[in-house]
Every structure is written in structure tokens, then in C-alpha cells.
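In: when you get a sec, could you give me coordinates for this:
(chains A and B)
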Amino acid sequence: ETGVTQSPTHLIKTRGQQVTLRCSSQSGHNTVSWYQQALGQGPQFIFQYYREEENGRGNFPPRFSGLQFPNYSSELNVNALELDDSALYLCASSFLARGNTEAFFGQGTRLTVV
Amino acid sequence: AQSVTQLDSHVSVSEGTPVLLRCNYSSSYSPSLFWYVQHPNKGLQLLLKYTSAATLVKGINGFEAEFKKSETSFHLTKPSAHMSDAAEYFCVLPAGGTSYGKLTFGQGTILTVHP
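Out: Model (predicted):
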């Protein structure tokens, strides 16, 4: 157990809808990153939040957005869902400090868009 | 831009035989490198990490990896495979600077272990 929990574990949405995925970081961690893992692929970096501010973004459109709360929990929001958004979404928490890059992953949310 | 390439999408071994999972990297600076493992329906788990100290790195469950700058490689090995090693393995390049925690993953290698 990493101490990082994600909810829900599975979700089915219809194309065009909006979805919110949630992540509770490991205690003491101030940074959360979100990744998309399509079937048969490695995880792709979506964005990272540090102290409630976006701290880096991958090659994802603006309809992917996020929030980090004062208790360091986080949300990933996806608007106008497309079929290609079907994937496993992973949350990773870490403590941002020089020399420490270890991230602890949750078990993920499996999103299916139909 | 930095990247990692895992040279095999699938590796199949018999229990008790050696495991070799290959990874090459591309980076404009001397990198850190990780290997993560993903068991079905479980989160990613860090196996081992290289952070510019010893080039031979030992990890959990008997795995080790050797950083070879001249070959830009970071191959993962284990002397004797166990059935519980069956999983997907990812070679990972972490970004430095202000992007701690931003990880670039390889495509993954699925390891199958036969009895």
C-alpha cells in the first residue's frame, strides 16, 4: 500500500460528458501528478500540481484540468469526453525537494467512454 | 527532449532462468533512471533507482540494473525468475529542475514466467 487512494476505481461515461476523478495523496506529500495510461501504452504525464498551483503540463488539451486542495488532495477534470479518453488514469504523490523524485502511485481509475 | 525506449514489448522466461529487460535512454544531461513494476489491478511500484551514485543498482525482489553511459542503457536483470515476477515493467526517466515527479515512461515490457 502506497497511501495514495483514487476514486472511483471504474467509471463509464458517454462521449461529450464531463468527468471528475479524485486522488488523496500520501500524508506529508505536497505534489501530485496525473498520468493517462492507454491500453498497451506506458503512462503519459498530464500535469503536476505543487502547493495548489500547476507546475508543469504535458501534451494534453485544455479540456483536461485539475485542482489541488489545501489538504493536498486533488481532482482531475475532463470536459467534452472523447472515445480516445478511455484509459487508466493514475495519480502520483511526492514530496518536492531537490534530490527526491520518488513518486508513489495510486491504483488508478479505469475510465471507459462509450 | 528526453526519452526512454524499451526494446522488447514482451519477454517470456521459464521459472528459475535469468531475466533481462532492456532499456535505452536519450537525455541531454546525466540522468536519473528508474524501473517501475505494475502488477495486474495494482498500482505502479518502484523497483529501483539510479541517481548518479553507483552504476550497479540493487532493488527489491532480487532485481538489479546497471547504468552504462557509453551505451545509454539501463537494463534490468534478475538471476532467477519467479512466478510472482510476472508483470509489466517500465523504464522511467524523471525530469530534473522544477519538474520533480514528472516522469517519462517507456512503452513497457510484459514479462511472462512459465512453470
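In: after the helix or strand hosting residue B:5, next one along is what?
Out: Remark: residue B:5 resides in strand B:3-6, with elements defined by DSSP states H and E. Counting by DSSP H and E, the element after strand B:3-6 in chain order, helix or strand, is strand B:10-14.
In: closest residue of chain A to chain B?
Out: Closest to chain B within chain A is residue A:42: 3.4 Å, counting by C-beta to the nearest C-beta. Where you see a C-beta, it was placed from the backbone N, CA and C, and this is true even at glycine.
In: correct me if wrong: that residue contacts residue B:90.
Out: Yes - between residue A:42 and residue B:90 there is a contact under C-beta atoms under 8 Å: 5.6 Å.
In: neighbour-wise, which of these two wins?
Out: When residue A:42 and residue B:90 are compared for neighbours, residue B:90 comes out ahead with 25 against 21, by other C-beta atoms under 10 Å in any protein chain shown.
In: how near is that one to residue A:89?
Out: Residue B:90 sits 16 Å away from residue A:89, taking C-beta to C-beta, to the nearest Å as the criterion.
In: likewise residue A:112?
Out: Residue A:112 is 11 Å from residue A:89, by C-beta to C-beta.
In: those two - which one has more neighbours?
Out: Higher neighbour count among residue A:112 and residue A:89: residue A:89, with 24 against 12, using other C-beta under 10 Å.
In: please name the residues that touch whichever residue of chain B sits closest to chain A.
Out: Ranked by C-beta to the nearest C-beta, the top residue of chain B for proximity to chain A is residue B:105, at 3.4 Å. Contacts for residue B:105 (C-beta atoms under 8 Å, 6 or more residues apart in numbering or on different chains) come out as A:35, A:42-44, B:4, B:36, B:90-92.
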